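K.L.:
heads up, no residue letters with this:
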């Protein structure tokens with residue numbers, strides 16, 4: 001688990017929107033989605 005993955009997840013949780021979360025984190029939406037998916041795999045469940 002990496003800190004930026006947690007930060008991305010928190011941005012998605014606060015905005016309820018992957019595109020807005022990506023804009024907040026200054027990354028592309030596909031990159032943010034991929035890192036959130038990696039975090040879910042590491043934790044063993046859907047967040």
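P.N.:
Good, I have the coordinates. Since this is a predicted model, take the numbers as computed values, not measurements. Numbers count the residues shown, from 1 in each chain.
K.L.:
Would you map the helices across the protein?
P.N.:
For the chain, applying DSSP state H gives helices covering 3-15, 18-25, 29-43.
K.L.:
any idea how far the closest residue to residue 32 other than its chain neighbours is from residue 44?
P.N.:
Using Cβ to Cβ, 6 or more residues apart in numbering and skipping the chain neighbours, the partner closest in space to residue 32 is residue 22 (4.3 Å). C-beta here means a position set from N, CA and C on the backbone, and glycine is covered the same way. When distance is defined by Cβ to Cβ, to the nearest Å, residue 22 is 24 Å away from residue 44.
K.L.:
With neighbour numbers in mind, choose between those two.
P.N.:
residue 22 (20 against 6; other Cβ atoms under 10 Å).
K.L.:
thinking the more buried one is in contact with residue 36, fair?
P.N.:
No. With contacts counted by Cβ atoms under 8 Å, residue 22 stays clear of residue 36, the gap being 10.2 Å.
K.L.:
what sits against residue 4?
P.N.:
If you count contacts by Cβ atoms under 8 Å, 6 or more residues apart in numbering, residue 4 has them with 25, 35.
K.L.:
quick one: pLDDT of it?
P.N.:
Note for residue 4: predicted pLDDT of 96.
K.L.:
What of residue 47?
P.N.:
Reported pLDDT for residue 47: 86.
K.L.:
Please report the distance of the nearest residue to it once chain neighbours are set aside from residue 6.
P.N.:
Distance criterion Cβ to Cβ, 6+ apart; nearest residue to residue 47, sequence neighbours excluded, is residue 40 at 5.4 Å. In this structure, residue 40 and residue 6 are 12 Å apart, going by Cβ to Cβ.
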